[in-house]
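Colleague: Sequence and predicted model, in that order:
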Amino acid sequence: MNDIVWLTMRRMRTPLIALILVYFCSVFIIASVPGIDPQGAPTRMTYLEAAYFVAIMATTIGFGEIPYPFTDAQRLTAYILLLPNVVAWLYSIGTILGLFLDPQFREVLQRSRFSQRVRGLGDPFFIVCGFGNTGSMVVNGLMHRGLHAVVLEKKAESVQRMFLDERFQRVPGLACNPASRAHLELAGLSAPNCRGVIVTTNDDHANLKISITAKLLRPELTVLARSENRRVSDNMSSFGTDYVVDPYAIFSERLFLALSSPVKYLVQDWLISVPGSTLREALNPPTGRWIVCGAGRFGSRMLEQLRESAMPFTVVDVHPDRLEGFEYGVLGRGTEAATLLEAGIKDAVGIIAGTGDDVDNLSVILTALDLNRNLFVVGRQENQENDQLFDASGAHLVARRSLIVARRILAVATTPLLQTFLQHLVASPPEFAERTAGRLKSVLDGRAPNLWVVDLRGNMADGLRYAREDGVRLKLGHITHNTRSEDAEDLSCVCLVLERGAQRIFLPDADYELLESDRLLFAGRGSARREMLWGLSDANSLLGYATNKQLPRGAIWRWLWRRQRGAQADNSSE
Amino acid sequence: MNFEKVLFAFFIVLALTLNFGFFLGDIDNPAHHDAMELGAALAVSLIATVVKFGDRSQMGAVLLATSLVADLQLAVAAFIWAYAAYAMAGGVDSVIIARVVSLSGGALLANMVSVTLLVAETIIIRR
C-alpha cells in the first residue's frame, strides 16, 4: 500500500506544483480586476467567487460569468488565463492516467492486492509455484478438498488465464519469479496457516531453488517438489524436501507393480483415482519380450523396471550412444515399420512408446498395432492437448506427466496417511492387497472412493471421553455403523490405517478399540463420511448404539443413573 | 419406552402450551390474561431448562439456548407485571398488559423452535 502512495506522489509532484501555482495566481488576478454590478456600481469579486470561477473555467465546465456579467477588462483577463489553466489540468490528468497505465505501477498495485488477499485467507492454504498443466490440476484438486491455494507463476499469460477461469476466481495469483525469497514471503510463506509449498514449475533448477528457500525459511513446513532429473531429485531429498515427485519414476514403478502384482496395482489405482470416477478393471500386462522406443529419461526408467522384473526387451533409439550396454538394440525412431520389424515386433508382447515427442509416440503406437494387434501398448504423452488422440490410439496405459504429478502431490499433501498406506501395500505380500481389494469392492458401487481422515481430538473425541466416563470401550465398529438407525446398517467405508503415535495398524478390524488422539484413514462413499461425522459429534446416539441401552440424556438423570448403578454394584459385590 | 424421554418431552411441550394459553386473547385486555398462567409458564420453562442441562446430543446446545431465551422473556414479562401490580399507581392497565403479552409472544416463538427441534431429532434418530 505504501508503495502505491509513494509512487503516485513521486510521479504527481511536478504536475501538482504546476496546477497549484497556476490556480492560485489566476484566483488572485481575477479577484483584483474591477467589475460592475447591474446597477453600474464598481465592485470586485470575493475570493470565494474568484476561486469558484477559476475552478469552473480551468476544468472547462464553464457555468458562465459570476456573480454579474463581466466587464471587458475581466473578459480579457479570463481569456488570457484560460490557456495556462486548462493546460495545467490536462497535464495533471494525463500524468495520472499515464500512471495507471504504467506497467511498473500496475505491478505494484497487483502485488499489494495479492498480498492483501493472501493475508485475508483465514483457512489453511498451500503455496503453489508454477501454474502450468500440473499446477492448475493441483489447485483444482486442493479446492475440491476444501483447501486454499496461493499461486506464483512466472508467465503473466498463465496468471491471466487463471483469473479468467471461473474455477479459480478466488485464488490469489501473482505473475512473478517464484524462485525469489521476497515473492515467497509475499505469498504467505511465513503465515501461520500456510500448510506447505508445492513446487511444480517445469524448470528443475527453479524447483530446486524454491525448495531450498522454503526449507531454509520454514524448516517445519511441508515442501512437495516435482523433479524430472535424478540428480535434482537426490539433491532435493538431501536437504529434507518432504516429497520429491518424479513423474517418470512414479509411472515406471506403477508399471512394474502392474507387471508384478496386478491386484496391488488395482488397489493403488482405486485409491488415487478422482472420487466418483469409474473404477478401473484389472490390468494384466503380458509377460514376454517388450520393445522400448526411446531410451531417454522416461525410457531408461522403464528399462530398469523391466530388467528388475526379469523381462526380455529390445531397445529402439535414434541415438547410438543410448543403445550401448543393451543386449538387443535397434537404431531408428520406431515410427517406421522396418525398424519395428527388425526389433521383432511380430513375437513381442508389448511396446512402450517413450520418445519425447507426442506425434512420434502416436505414430509408434499406430504402426506397432498395425503390425501386431495383440500388443500391450504403453504410451508417453507430454502435452495435455493430445488427450483425445492418445485415448483414441488404442494404448492400454498412457503416462500423462502432469496428471501423474498432480495426483501424487494431491494425495501426499491432503492425505499423508494414504501415502503410508500405499507404501505398506507395495511392500507387503499380495494377500494384504487382496484383502483390501475385497473389502473395498464390498462397499463401493463401482466408483472410486472418497478418502477422509478422522482425527480423534477435540470435539471429535467427545464421544470417546463420555464413553470412558461411563466405563464403555468404543470400538472401530461403533463409528463405522449408522448410529441413528436401529437396523444393522454398516456404513459403506473401510478403515485403511489407524495411526496411534508412531504405531500404525493397517486394515484394523471392527472390534479394534479406539483411543483418544488416534488418527484414522477411511475410504468409502461420501454418504458414509457424512454419517460418520454426524455420529462422532452426537455422543448420545454413539453411546446409545455402543451400549445398546437408552442412556440418560440430561445431567440430573445421569447423576441418578450413576448412583443407582453404584448401588447395584455394591449390592452385587456383597 | 424411557421415563426420562417422556419427562423431557413433557416439560418442553408443556412450556409451549402454557405459554400459548397465556398469549391467547386481546393483547391489551387484562381480563384475557391470567397472572397465575404466566407464573406457571415461567416455572415450567425453568424446569424444562434444568432438564436440558448436560445434554450431550447433537441438538443439546441449541435446545438449551432456546429454553434460556424463553426463560429470559418470561422473567422480564413477570417482573413488569409484578412491578405494575405492586409499585405503580395505575396497576395492571392495558399498556402494561400489552407489554407483558408481547414479551410472552417472544417466549412463545422460542418455545416453538424448541418443540420443532425436538420433533426433528426424533425423526432423524430412529433408535
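Modeller: Looks like it arrived, so ask away. Residues are numbered from 1 along each chain as shown, chains lettered A, B, ... in the order given.

Colleague: For the residue nearest to residue B:95 when sequence neighbours are not counted, give its distance to residue B:92.
Modeller: In space, not counting the residues next to it along the chain, residue B:95 is nearest to residue B:28; the distance is 7.3 Å by Cβ to Cβ, 6 or more residues apart in numbering or on different chains. For glycine as for every other residue, the C-beta is placed from the backbone atoms N, C-alpha and C. In this structure, residue B:28 and residue B:92 are separated by 11 Å, where distance is defined by Cβ to Cβ, to the nearest Å.

Colleague: try residue A:36
Modeller: Residue A:36 is 79 Å from residue B:92, where distance means Cβ to Cβ.

Colleague: Have a look at these two and say which one is more surrounded.
Modeller: Between residue A:36 and residue B:92, counted using other Cβ atoms under 10 Å in any protein chain shown, residue B:92 has the larger neighbour count: 18 against 14.

Colleague: I figured the more buried one was touching residue B:86, is that so?
Modeller: No - with contact defined as Cβ atoms under 8 Å, residue B:92 does not reach residue B:86; the gap is 10.1 Å.

Colleague: confidence score at residue B:1?
Modeller: At residue B:1 the predicted local distance difference test score is 67.

Colleague: Pull the number of nearby residues for residue A:405.
Modeller: Counted by other Cβ under 10 Å, the residues lying close to residue A:405 total 25.

Colleague: what pLDDT does it get?
Modeller: What the model reports for residue A:405 is a pLDDT of 87.

Colleague: Repeat that for residue B:24.
Modeller: The score at residue B:24 is 93. That number is its pLDDT.

Colleague: Verify the stated contact: it with residue B:37.
Modeller: No - with contact defined as Cβ under 8 Å, residue B:24 does not count as touching residue B:37 (9.6 Å).

Colleague: who's more crowded, these two?
Modeller: Using other Cβ under 10 Å, the more surrounded residue of residue B:24 and residue B:37 is residue B:37, with 16 against 12.

Colleague: Can you tell me how far the more buried one is from residue A:254?
Modeller: Computed with Cβ to Cβ, the distance linking residue B:37 and residue A:254 is 76 Å.

Colleague: in which helix or strand would I find residue 109?
Modeller: With no chain named, the answer covers chain A. Per DSSP states H and E, residue A:109 falls inside helix A:103-120.

Colleague: oops, I was thinking of chain B
Modeller: Residue B:109 is part of helix B:94-124 when elements are defined by DSSP H and E.

Colleague: What is that helix packed up against?
Modeller: Helices and strands touching helix B:94-124, as assessed by 3 or more Cβ pairs under 8 Å, 6 or more residues apart in numbering or on different chains; DSSP states H and E, comprise helix B:3-23, helix B:35-52, helix B:60-87.

Colleague: contacts for the shortest one?
Modeller: Okay, so that is helix B:35-52. Helix B:35-52 is contacted from outside by A:554, A:556, B:7-8, B:11-12, B:14-15, B:18-19, B:21-22, B:60, B:63-64, B:67-68, B:70-71, B:74-75, B:77-78, B:81, B:85, B:100, B:104, B:107, B:111, B:114, using Cβ atoms under 8 Å, 6 or more residues apart in numbering or on different chains.

Colleague: And the first one, by the same measure?
Modeller: Outside helix B:3-23, the residues that touch it by Cβ under 8 Å, 6+ apart are A:550, A:552-554, A:557, B:33-34, B:37-38, B:40-41, B:44-45, B:47-48, B:51-52, B:63, B:67, B:70, B:74, B:101, B:104-105, B:107-108, B:111-112, B:114-115, B:118.

Colleague: same thing but 7 Å
Modeller: Identification of contacts with helix B:3-23 by Cβ atoms under 7 Å, 6 or more residues apart in numbering or on different chains yields A:552-553, A:557, B:33-34, B:37-38, B:40-41, B:44-45, B:47-48, B:51, B:70, B:101, B:104-105, B:107-108, B:111-112, B:114-115, B:118.

Colleague: Give me the buried entries from those.
Modeller: A residue is treated as buried here by neighbour count (16 or more other Cβ atoms under 10 Å in any protein chain shown); on that basis the buried members of the contacts of helix B:3-23 are A:552-553, A:557, B:33, B:37-38, B:40-41, B:44-45, B:47-48, B:51, B:70, B:101, B:104-105, B:107-108, B:111, B:114-115, B:118.

Colleague: ok, so what distance separates residue A:381 from chain B?
Modeller: Distance of residue A:381 to chain B, given as Cβ to the nearest Cβ, to the nearest Å: 49 Å.

Colleague: And residue A:343, by the same measure?
Modeller: Counting by Cβ to the nearest Cβ, the gap between residue A:343 and chain B amounts to 66 Å.

Colleague: is it true that that residue touches residue A:290?
Modeller: No - in this structure, residue A:343 is not within contact of residue A:290 by Cβ atoms under 7 Å, at 10.1 Å.

Colleague: between the two, what contacts are shared?
Modeller: Where contact means Cβ under 7 Å, 6+ apart, no residue is in contact with each of residue A:343 and residue A:290.

Colleague: Alright, that wraps it up for me.
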